[in-house]
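A.B. asks: I need the structure of the sequence given here:
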Amino acid sequence: MKTVYLDNNATTQLAPEVIEAMMPYLSDFFGNPSSMHSFGGQVAAKVREAREQCAALIGCSPDEIIFTSCGTESDNAAIRSALTVQPEKRHIVTSRVEHPAVRALCADLATRGYRVTELPVDASGHLDMDQYRESLTPDTAVVSLMWANNETGVIFPVEKAAELARERGILFHTDAVQAVGKIPIDLRANAIDMLSISGHKLHAPKGIGILYVRKGTRFSPFLIGGHQEKGRRGGTENTPGIIALGKACELAAQHMEDENTRVKQLRDHLESELLRLIPNSRVNGDAVARLPNTSNISFEFVEGESILLMLNEYGICASSGSACTSGSLQPSHVLRAMGVPFTMAHGSIRFSLSIYNTREEIDFVIEKLPPIIETLRRLSPYWTAGDQVCTAQ
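C.D. replies: As a prediction, the model looks like this:
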């Protein structure tokens with residue numbers, strides 16, 4: 001059975017070119033890039049090349065790139081550093097729809113005496129920028145707002161938010177894990193101080209990430225050890241992962257137009273057909289200010305987990321929300337923050353596409369999903385099948 005993979009916001013397949021680039025550094029070229037001999041030196045040269053490739057994708061200097069293990073480490077390193085270098089400040093500003101890597105950290109910091117402001121969002125998933133502006137105080141150490149939401153794809157105006165933070169002398173961090181490679185980013189043209197990237201979201205392997213730290217930004221290392229990453233992150237470099245991420249960033253720059261044209265058209269086709277064929281369904285999130293690959297659709301009075309299980313029987317892979325919270329039976333915190341009705345939020349499915357998806361795959365989903373929803377609704381005590389109207393009982 002063919003797999004139709006539409007869960008790319010959870011993780012992506014490795015690009016063949018990425019595998020080809022990293023394989024020699026898992027076998028023949030195994031030297032430590034910190035070693036003095038030429039065998040390690042040739043690996044160090046390849047790491048420098050990868051650093052340049054990553055910097056080119058986001059418009060920054062290679063020296064501003066710190067390689068980490070993942071997006072979660074990058075988020076933690078950024079926020080904890082901002083608090084460490086400003087011990088007199090005890091306030092953090094974030095949003096109610098952040099990834100658990102930020103949200104759970106802020107919740108933990110709140111138990112340790114920090115004051116956390118979680119900004120609400122509206123029904124489309126957007127921030128109130130006036131409310132954001134008012135949340136910034138002389139005690140604010142750092143703002144951490146995601147560039148694009150991992151569940152709905154809604155894009156935050158982080159460049160404007162960073163500018164407002166800079167005007168008040170506040171450090172600004174963005175979790176750009178979902179945005180990088182899908183929308184253009186030029187860090188030379190904005191006020192963002194720190195930015196997080198995760199390699200496995202853009203066709204590199206798991207276990208490699210980036211924290212961008214703007215030159216001149218005070219920074220306290222999260223991992224303290226050797227001199228690696230210019231003393232900003234101790235530990236022997238994950239050289240195969242770094243080289244793979246460099247190649248993935250190079251490919252992402254080449255494929256960005258495809259992401260924003262063909263992939264977006266596939267997503268729009270999926271949405272329009274499912275909404276046409278399935279009554280009592282809705283797309284969650286802004287129709288325009290959204291990642292080109294992401295669609296979050298709610299089907300009223302059915303359970304998302306049941307939908308996923310039945311899709312899985314056809315080899316279709318999707319998600320009911322963030323992979324980091326998929327073990328929870330509670331509705332998505334993102335959809336709850338947006339005010340999505342409970343009966344809709346429980347039946348929410350996230351489809352996230354990539355450059356490897358085809359029109360044939362999307363048409364296959366359009367063929368299989370409406371009967372699945374019809375079958376599940378017949379089992380629901382809240383669905384009146386005769387006239388295709390949902391009624392709460």
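
A.B. asks: gap between Asn284 and Leu335?
C.D. replies: Counting by C-beta to C-beta, to the nearest Å, the gap between Asn284 and Leu335 amounts to 6 Å. In short, each C-beta sits where N, CA and C put it, glycine included.

A.B. asks: Now Thr358. Nearest residue, chain neighbours left out?
C.D. replies: Leaving aside its sequence neighbours, Thr358 sits nearest to Leu266 (C-beta to C-beta, 6 or more residues apart in numbering; 7.9 Å).

A.B. asks: My guess is Ile96 contacts Met338. True?
C.D. replies: Quick fix: residue 96 is Arg, not Ile. No - using C-beta atoms under 8 Å, Arg96 is not in contact with Met338, being 9.1 Å away.

A.B. asks: out of the two, which sits in the more crowded spot?
C.D. replies: Between Arg96 and Met338, counting by other C-beta atoms under 10 Å, Met338 is the more crowded of the two (25 against 15).

A.B. asks: Touching, the more buried one and Pro120? I think so.
C.D. replies: No - no contact is recorded between Met338 and Pro120 when judged using C-beta under 8 Å, the distance being 9.2 Å.

A.B. asks: is it fair to say Gln330 lies in a helix?
C.D. replies: No - residue state for Gln330 (DSSP: H, G, I helix; E, B strand; the rest coil) corresponds to coil; a helix is not indicated.

A.B. asks: Could you count how many residues lie near it?
C.D. replies: When neighbours are counted by other C-beta under 10 Å, Gln330 comes out with 10.

A.B. asks: same thing with the one 5 residues further on?
C.D. replies: Using other C-beta under 10 Å, the number of residues around Leu335 comes to 24.

A.B. asks: Hmm, Ser348 and it touching each other?
C.D. replies: Yes - assessed by C-beta under 8 Å, Leu335 is found in contact with Ser348 at 5.8 Å.

A.B. asks: what's the overlap in contacts for Asn284 and Leu335?
C.D. replies: 152, 296, 298, 348 (C-beta atoms under 8 Å, 6 or more residues apart in numbering).

A.B. asks: give me the low-pLDDT residue ranges for the stretch 1-150 of the chain?
C.D. replies: Within the stretch 1-150 of the chain, the set of residues satisfying pLDDT under 70 is empty.

A.B. asks: make it 90
C.D. replies: 1, 32, 34-36, 39-41 (pLDDT under 90).

A.B. asks: Would you map the helices across it?
C.D. replies: Ranges of helices within the stretch 1-150 of the chain are 16-22, 38-58, 71-84, 100-110, 129-135, based on DSSP state H, counting those that start in this stretch.

A.B. asks: quick one: which of those helices is nearest Ile185?
C.D. replies: helix 38-58 (4.8 Å; C-beta to C-beta).

A.B. asks: tell me the SS of the residue nearest to Thr358?
C.D. replies: In terms of secondary structure, Leu266 is helix; the call rests on three-state DSSP.

A.B. asks: Run a quick neighbour tally on it.
C.D. replies: The local packing count at Leu266 equals 23, with neighbours defined by other C-beta under 10 Å.

A.B. asks: how much space between it and Met1?
C.D. replies: In this structure, Leu266 and Met1 are separated by 21 Å, where distance is defined by C-beta to C-beta.

A.B. asks: Same check on Ile197?
C.D. replies: Following C-beta to C-beta, the distance that separates Ile197 from Met1 is 34 Å.

A.B. asks: hmm, back to that, may I ask which of the shared contacts of Asn284 and Leu335 has the most neighbours?
C.D. replies: Per-residue neighbour counts (other C-beta under 10 Å) across the shared contacts of Asn284 and Leu335 peak at Asn296, which has 31 neighbours.

A.B. asks: Quick one: residues contacting that residue.
C.D. replies: Shown in contact with Asn296 (C-beta under 8 Å, 6+ apart): 151-153, 283-285, 335, 348-351.

A.B. asks: Outline the domain layout of the chain.
C.D. replies: Domain assignment of the chain by automatic domain parsing yields the ranges 4-10+255-390, 16-252.

A.B. asks: Tell me which of those domains sits most buried.
C.D. replies: Burial among the domains of the chain, expressed as mean neighbours by mean count of other C-beta atoms under 10 Å, is greatest for domain 16-252, which shows a mean of 20.

A.B. asks: what about it, how long is it end to end?
C.D. replies: Counting by C-alpha to C-alpha, to the nearest Å, you get 13 Å between the two ends of domain 16-252.

A.B. asks: how far does that domain sit from the chain's center?
C.D. replies: Mean C-alpha position of domain 16-252 versus that of the full chain (C-alpha atoms, centre = their mean, to the nearest Å) differs by 11 Å.

A.B. asks: now, which of the shared contacts of Asn284 and Leu335 lie within helices?
C.D. replies: Filtering the shared contacts of Asn284 and Leu335 for membership in helices, criterion DSSP state H, returns an empty set.

A.B. asks: Return the subset of the residues you listed lying in strands.
C.D. replies: The members of the shared contacts of Asn284 and Leu335 that map onto strands under DSSP state E are 296, 298, 348.

A.B. asks: Include pLDDT and distance to Glu271 when you put these into CSV, please.
C.D. replies: Putting those into CSV (pLDDT from 0 to 100; distance: C-beta to C-beta, whole Å) gives the following:
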residue, pLDDT, distance to Glu271
Asn296, 97, 10
Ser298, 97, 12
Ser348, 96, 14
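
A.B. asks: Cool, thanks, talk later.
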